[in-house]
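1. Structure for this input, please:
(2 chains)
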Amino acid sequence: MSQRYFEDIAVDDQLPPAEKLPTADMAIDFFGRGNPTNPAFADAEAGRRMGVGGALVPGTMKMAWLTQYVSAWAGPASTVRNIRVAYRRPDIAGKPLVLAGRVVDKREEGGRRIVEIELVTLAGGEPSVRGNAQIEVPART
Amino acid sequence: MSEVEQSLITDEHRAQIGIKSDPIAVTVREADAHRMRDMLDDSDPRYADGTGVAPPYLLAMFGGRGPGGPGARGMQSILPGGLLTQQEWRFLRPFRIGEELTAITQVVDIRERLGGRYGYSVLVTSETDYFGTEGEQVAAVMSTITQFDPTGAVQE
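-> Numbers count the residues shown, from 1 in each chain, chains lettered A, B, ... in the order given. Next up is the predicted model:
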């Protein structure tokens, strides 16, 4: 896990894409077996009754993936300050997701060096989640 | 496609906006942090066992599982289906393993929408603020749940 520094980051930098394969088991493990969750996370039929076509991938699990994705890219001396997403279409367990990101802004505000990243998850090449994250990163000097 | 000829949002629903829940205690648990880290294959040394720090995405464990988040009350579902459609997490400081946070939730907006994937739908936005033992704000979650009638939704 390497560290990125404010001076070395440029607008339009691309984050390396990361592929995830969500499963219904993973959704249950994410919240912990025995903890209450939406039945549609584990049961494809319950998902279909909701009109989502199968076992639903929890939105908060995708949010956690994205948080970890940008945090890992920025490095251990960086801090995710804010992440905001719109879930544009439901994701179904068993279908791979590709996480991707691009730097859209960098600025100093209140003594902090902030990098803003536009995020997307792609399912079958189509965006299922769009969002952005603000990360505080260190300077080299 | 179900037909809704008038708004299902009543004055009683609107009256819930801005009413804060009773404070709810949530604990930052080592077991949750460990399990989620393993599941996400997160090797960040800041959150390794023994550091006493939990990864930020632990917020998923105690933020907004129901319509309105932990402690929200009085807001009954208007339509039978519900999906999380927007979310924001804000982090003001790291979570410490073992600490007990206080969560306070309020509904901040209710609106309706006609058309699209869900047909007639009701969007309920809530905010949950998390405070540490000194009263300092630690994190915040804003969530929008889109409520809909599954019989009117467009199947994937």
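2. Return the residues of chain A in contact with chain B.
-> A:1, A:26, A:29-32, A:36-37, A:48-54, A:56, A:58-61, A:63-65, A:67-68, A:71-72, A:76, A:79-87, A:89-90, A:92 (CB under 8 Å from any CB of the partner chain). Where C-beta positions appear, they are placed from N, C-alpha and C, glycine not excepted.
3. Which of those fall in strands?
-> A:Thr79, A:Val80, A:Arg81, A:Asn82, A:Ile83, A:Arg84, A:Val85, A:Ala86, A:Tyr87 (DSSP state E).
4. quick one: pLDDT of B:Ser2?
-> The per-residue pLDDT reported for B:Ser2 equals 51.
5. What's the mean pLDDT across the helix ranked longest in chain B?
-> Longest helix in chain B by number of residues, with DSSP state H as the criterion: helix B:30-40. If you average the pLDDT over helix B:30-40, you get 92.
6. Summarise which helices and strands the helix or strand of chain B with the lowest mean pLDDT is packed against.
-> Of the helices and strands making up chain B, the lowest-confidence element is helix B:59-62, at a mean of 86, by mean pLDDT, DSSP states H and E. Under the contact definition 3 or more CB pairs under 8 Å, 6 or more residues apart in numbering or on different chains; DSSP states H and E, helix B:59-62 sits against helix A:24-31, helix A:59-74, helix B:30-40.
7. ok, so of the ones in strands among the residues of chain A next to chain B, who is nearest chain B?
-> Proximity of those to chain B (CB to the nearest CB) peaks at A:Arg84, which lies at 4.0 Å.
8. how about the strands of chain B, start to end?
-> Under DSSP E, chain B gives strands at B:24-27, B:53-54, B:81-91, B:95-96, B:100-113, B:121-131, B:137-148.
9. circling back: among the residues of chain A next to chain B, which ones are buried?
-> A:26, A:30-32, A:37, A:48, A:50-54, A:56, A:58-61, A:63-65, A:67-68, A:71-72, A:79-85, A:87, A:90, A:92 (16 or more other CB atoms under 10 Å in any protein chain shown).
10. Show me what from chain B comes close to chain A.
-> Checking chain B against chain A by CB under 8 Å from any CB, the hits are B:31-32, B:35-36, B:39-40, B:42-46, B:55-57, B:60-61, B:63-65, B:81, B:83-91, B:117-118, B:142, B:148, B:150, B:153-156.
11. Give me the buried entries from those.
-> Judged by 16+ other CB under 10 Å, buried ones among the residues of chain B next to chain A: B:32, B:35-36, B:39-40, B:42, B:44, B:46, B:55-57, B:60-61, B:63-65, B:81, B:83-91, B:117-118, B:142, B:148, B:150, B:153.
12. hang on, the earlier thing: would you tell me which of the helices and strands packed on helix B:59-62 gets closest to B:His13?
-> helix A:59-74 (23.0 Å; CB to CB).
13. now the angle between strand B:137-148 and the closest one, please.
-> Orientation check (axes from the mean of the first three to the mean of the last three CA atoms, to 10 degrees): helix A:59-74 against strand B:137-148 gives 140 degrees.
14. Can I get helix A:59-74 in PDB, CA atoms only?
-> Written as PDB, here are the backbone C-alpha positions of helix A:59-74 (Å, rounded to 0.1, in the frame of the first residue of the first chain):
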ATOM      1  CA  GLY A  59     -25.900  -0.400  -1.100                       C
ATOM      2  CA  THR A  60     -23.800   0.100   2.000                       C
ATOM      3  CA  MET A  61     -21.600  -2.800   1.000                       C
ATOM      4  CA  LYS A  62     -20.900  -1.000  -2.300                       C
ATOM      5  CA  MET A  63     -20.300   2.200  -0.300                       C
ATOM      6  CA  ALA A  64     -17.800   0.400   1.900                       C
ATOM      7  CA  TRP A  65     -16.000  -1.000  -1.200                       C
ATOM      8  CA  LEU A  66     -15.800   2.500  -2.700                       C
ATOM      9  CA  THR A  67     -14.500   3.900   0.600                       C
ATOM     10  CA  GLN A  68     -11.800   1.300   0.800                       C
ATOM     11  CA  TYR A  69     -11.000   1.700  -2.900                       C
ATOM     12  CA  VAL A  70     -10.300   5.400  -2.600                       C
ATOM     13  CA  SER A  71      -8.600   5.000   0.800                       C
ATOM     14  CA  ALA A  72      -6.200   2.300  -0.600                       C
ATOM     15  CA  TRP A  73      -5.400   4.400  -3.600                       C
ATOM     16  CA  ALA A  74      -4.600   7.500  -1.500                       C
END
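15. Tell me how far the longest helix of chain B lies from the chain's centre.
-> Counting by CA atoms, centre = their mean, to the nearest Å, helix B:30-40 is centred 20 Å from the centre of its parent chain.
16. Lovely, talk soon.
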